[in-house]
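J.: okay, sequence plus prediction incoming.
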Amino acid sequence: MKPSSSGAVELESFSVDQIRNFSIIAHVDHGKSTLADRLLELAHTINKRKDNKQVLDKLKVERERGITVKAQSASMFYEYKGKKYLLNLIDTPGHMDFNFEVSRSLAACQGTLLLVDAAQGIQAQTVANFYLAYGQDITIIPVINKIDLPAAEPDRVAAQIEVAFEMPASDCLQISAKSNMNVDQILPTIIENVPPPSGDINKPFKALLFDSWHDTYVGVICLMAVIDGTVKKGDKIVSAHSERRYEVSETGIMYPEQTPTSSLQAGQVGYFVLNMKTLSESHVGDTFFDHKHIGLPMPGFIPAKPMVWAGIFPIDTADFEKLDHSIAKLTLNDSSVAVQKETSTALGQGWRLGFLGTLHMDVFRQRLEQEYDANIIITAPTVPYKIEYRDGTSKLIRNPTEFPDMDEINARVKTVQEPMVRSTIIFPQEYLGDIMVLCGSRRGVQLEHTYLDESRVLLKYRLPLAEVVTDFHDELKGRSSGFASFDYEEDGYDDADLVKMNIVLNSKPVDALSIILHRSQAEVVGRDWVKRLKGLLSRQLFEIVIQASVGNKIIAREGLSALRKNVTAKCYGGDVSRKMKLLNKQKEGKKRMKAIGGVEVSQEAFYDFMSKKK
Amino acid sequence: MQTGSQALSGLRRLSSIATKSEPFSVYIHWPYCSSKCTYCNFNKYVDPLVDHERMQASLLRELKTELKHWNLDQRSRPIRSIYFGGGTPSLAKPAMFQSILETLDDMCNMSQDTEITMEVNPSSTTSVETLKALREIGINRYSLGVQSFQAHILKELGRDHTPSSALRSLRDARAVWPGRVSMDLIMGHAGQTLSDWIKELRFTLDVVDDHLSLYHLTVERGTALHRDVAQGKILLPDHELASDMYDAMIEITEDVGFEHYEVSNFARNRAYSLHNSGHWLGIDYLGIGPGAHGRVRDPITGDLFRTFNIRDPAGWMRQCTEQGTGCRRRVAIEPDEFKQELIVLGMRTSRGIELSRFYQLTGQDLMKYLNKEATESCLSAGLLRVTPAKVYPTERGMAVADELVARLLP
């Protein structure tokens, strides 16, 4: 495709039936980004080079972890049976925490490639992604990847797909994106099977906004799927959500970088520059209309709710301003992170951040550390608990400090509820016993038990989200030699016997170490925490009593006896200057300590305590 | 709030009055040893070809220069103490001691009360006659580096004396300077048990005179001991055992009439070391010899200085010849630094810090200077005592003096 004399690509010649919008959905590491690279090469969107590695994964953390966090898109021009097609690949994140991103990407597609690793077979996210696509009523094309691996069993995986998704095994494409085997079958299959978008070019302009990001130079960039009509530079369009009017200052496609086009029309997917200043103006799921023809908006998206909350604090309190700036910059392009300021007596000034899940939290932390050089402490994560009062009101709790005390519970609270999830776990059957024990110990209730084939099991459990966000995933991996895969979706709230456990140092509670948990677990966790804390504290001038308490009841206790001796043996003439230098160093160290109940606790001790889960 | 310059001028005014009659001390460093001890990081050199004459001449030269420089060559300021340390000063020729003491007697106000200590390593060659000769010259206090009465420990420490020579040296010295002999002993050796230490201590208390320095073995960087500990070759007593040893040491010495007057120092019949306690009390001292440090006041401005001598004996002697002194650096001690030094040193002593003396030296009310919250918590924890006259640590407080001062200082 060549730009016209005006410098912009002309797309007018592509009618709706020459357009296909599709995505690729896959479990982590099943080869989605590699396949995307191959398809973009095949259509000459990118040149065939050795270093085409995951063109769509722009963030360092995405490449490192092999996951996609932000939706991206790329356009391709492809000739098939003498006809030119415009194919738009809309990338989707491959992890449960980002299901919201997946569904918003799928909303702009009519078809999707369900990619499955020929050696690993169906994994938990394959199932989750399948159901997301299935729910959107779009064409699903099963693709078995990595068929050239020595351990590949494509026929067995095809049989699994038939069992799990009721799709004929014979419909599966069998490819290797890495060595380019059968990749050429994919685009023809898409053209043949995925319906073109259903828009009408003759109707007034209407488009769905499904992603946006902030660009330093032009402000907010919106990715939209044009449903009806056409749009070009200078047109005035209006947001159904805010009723604000915008003048289109640029339209274009991702090819794979932003490439301006003379217009965008029904069925096409592209970017818009609308002179929006902040991301809050670009409401994902919003419908835009021609300003003179405002019609019915598309069904929007349910916005992502943060389900995992944690306090973030600088290790060195002097870094607060810098960290504040870094968090503001990071959240500029990730509106799914909720940010509130928080002050802790133990850890000082910080923030309470809400994430979609623990991976989302880890990715955010990693980006803060890698891209902004931040040294931070993250507290134990809390899920949003719901307090229902007798008078009919309710409150959502995102921080253990907000949890009602015993008196309030007795006097006013009807129920305390916790968020639940439906989880899917897939693993080789020899681990069945261990995994059922694990789910049972995490208060799980079994919903489904399916053999995908003679050796692979799919389990569905209903579990409290709180049990899942701590170390469930690690435990699962540990008990299945790394073979179990896991995904979950939210599933409402249940009543639960929840309590707040406090950690108390010499009778003073340490707010940063409070935690909400099920009554049955308080004692075990309490004993473990006080013991670990004892190991991290240094002896001081006074005896330290470390206790875990629920309400007024002490459930665990450890003592650390006072320091008996710490004094330099010799301190004469020549020793004094050195002694004074050491003293100044010691005093500097003390400045970085927080005194709780007269006990000095270093930020490093908190860091060590928090960073090592259970 | 008092500004730095206000405090400084206050300090000058008070101290220039004080300086006129304040006693001072002199420290003389003899840098040579006959062998290296595994734990020692002092400024010492094993040199079989010591040029005694040149060393003596240099010491004298520097002494005279510095006395004049600091205006100490006058009768108004008595000499509180003279200390010959090292190194191993007992390896020096008696003439060295004699010439230094004669010079000081000539130029300054030395009296019967001036304490003149000599640090000595036990040796089989020092005869009673030699000791008597030293006494004639003016040495009136003798500090013997025994370190241990056990042969295997002495060997481990790299000492070149034996338990029997230590015993004999102690007996001879006590005969020459009754009531004025001190000895050093080290606790906390690799593999040492509490009962080993108690046994050694009891043995020591049977033979000791009226002063004892009992040091917890300290692992200093750059020593053979440090290397062995870092490499895990030897394991020293842990916190609990070392604390038990320390507590036992206080209890057992007290039983036989010793007063624990500083972290590592014990005296009977008030036989305190005047030299060391002067240092803790903030008394000026002149440092003479390679690597010696001093703390002296400028006689005109009243500003307090710390002096640092060249460490290497050859370099130090060269500069003495060329410039009359081997001092390489004189740095003004900031008023705040001096206050902290007095507190750091004072909290290591049973007499603590006298409020009037602190005010006289610094122009500062000590109780206002200390961190109030920390003072109160240390008081209620029984680590500290405060009277209208002084602030002092309890036994338990002294044992954790390093932690204590880190909290008490502002």
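T.: Everything's here; your move. Since we're looking at a predicted model, the values are computed, not measured.
J.: quick check: which ranges of the stretch 201-350 of chain B have low pLDDT?
T.: Counting by pLDDT under 70, the stretch 201-350 of chain B shows no low-confidence range.
J.: minimum distance to chain A, which residue of it gives it?
T.: Across the stretch 201-350 of chain B, no residue is closer to chain A than B:Ser243, which sits at 3.6 Å (CB to the nearest CB). Placement of C-beta: from N, CA and C, glycine included.
J.: host element of A:Glu604?
T.: helix A:603-611 (DSSP states H and E).
J.: quick one on the thing from earlier: what about the residue of the stretch 201-350 of chain B closest to chain A, neighbour count?
T.: Neighbourhood size, B:Ser243 [other CB atoms under 10 Å in any protein chain shown]: 17.
J.: I'd say it and B:Ala399 touch.
T.: Yes. Between B:Ser243 and B:Ala399 there is a contact under CB atoms under 8 Å: 7.4 Å.
J.: gap between A:Asn129 and chain B?
T.: Computed as CB to the nearest CB, to the nearest Å, the A:Asn129 to chain B distance reads 54 Å.
J.: now the helix or strand hosting that residue: buried residues?
T.: Under the criterion DSSP H and E, the helix or strand holding A:Asn129 is helix A:124-135. For helix A:124-135, the neighbour count (16 or more other CB atoms under 10 Å in any protein chain shown) marks A:Ala124, A:Gln125, A:Thr126, A:Val127, A:Ala128, A:Asn129, A:Phe130, A:Leu132, A:Ala133 as buried.
J.: for A:Thr259, give its distance to A:Val9.
T.: With distances taken as CB to CB, to the nearest Å, A:Thr259 is found 6 Å from A:Val9.
J.: before we move on, what about A:Glu281?
T.: Applying CB to CB to A:Glu281 and A:Val9 gives a distance of 27 Å.
J.: returning to what we had before: overlap in contacts of B:Ser243 and B:Ala399?
T.: Counting by CB atoms under 8 Å, 6 or more residues apart in numbering or on different chains, the shared contacts of B:Ser243 and B:Ala399 are A:Arg564, A:Lys565.
J.: leaving out chain neighbours, which residue sits closest to the residue in the stretch 201-350 of chain A that chain B sits nearest to?
T.: Going by CB to the nearest CB, chain B is nearest to A:Thr345 of the stretch 201-350 of chain A, at 16.0 Å. Once flanking residues are discounted, A:Thr345 sits nearest to A:Asp511: 5.5 Å by CB to CB, 6 or more residues apart in numbering or on different chains.
J.: so what's the one you found up against?
T.: Contacts of A:Asp511 (CB under 8 Å, 6+ apart): A:Ser344, A:Thr345, A:Ala346, A:Thr401.
J.: are any of those buried, and which?
T.: Buried residues within the contacts of A:Asp511, defined by neighbour count using 16+ other CB under 10 Å: A:Ser344, A:Ala346, A:Thr401.
J.: got the contact list for B:Cys273?
T.: No, residue B:273 isn't Cys; it's Ser. Per CB under 8 Å, 6+ apart, neighbours of B:Ser273: B:Glu115, B:Thr117, B:Arg141, B:Ser182, B:His211, B:Asn265, B:Ala267.
J.: quick one: the fifth one and B:Trp177 touch, right?
T.: No. Here B:His211 lies out of contact with B:Trp177, judged by CB under 8 Å, at a distance of 10.6 Å.
J.: the two: who's more crowded?
T.: B:His211 (23 against 19).
J.: residue contacts, the more buried one?
T.: B:Ser143, B:Arg180, B:Val181, B:Ser182, B:Met183, B:Asn265, B:Phe266, B:Ala267, B:Arg268, B:Ala271, B:Tyr272, B:Ser273.
J.: then A:Gly350?
T.: A:Gly311, A:Ile312, A:Phe313, A:Pro314, A:Phe320, A:Lys341, A:Glu342, A:Thr343, A:Ser344.
J.: closest one of the residues you listed to A:Ile161?
T.: A:Ile161 lies nearest to A:Ile312 out of the contacts of A:Gly350, by CB to CB, at 41.5 Å.
J.: thought that closest one was touching A:Asn375?
T.: No. Taking contacts as CB under 8 Å, A:Ile312 lies outside contact range of A:Asn375: 11.1 Å.
J.: adding pLDDT, write the buried residues of helix A:124-135 out as TSV.
T.: Below are the buried residues of helix A:124-135 laid out as TSV (pLDDT from 0 to 100):
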residue	pLDDT
A:Ala124	87
A:Gln125	83
A:Thr126	87
A:Val127	88
A:Ala128	82
A:Asn129	83
A:Phe130	89
A:Leu132	81
A:Ala133	86
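J.: now the residue of chain A found nearest chain B. Nearest residue, chain neighbours left out?
T.: The minimum distance from chain A to chain B, using CB to the nearest CB, falls at A:Arg564 (3.6 Å). Distance criterion CB to CB, 6+ apart; nearest residue to A:Arg564, sequence neighbours excluded, is B:Ser243 at 3.6 Å.
J.: what's near enough to touch that neighbour?
T.: A:Arg564, A:Lys565, B:Ala399.
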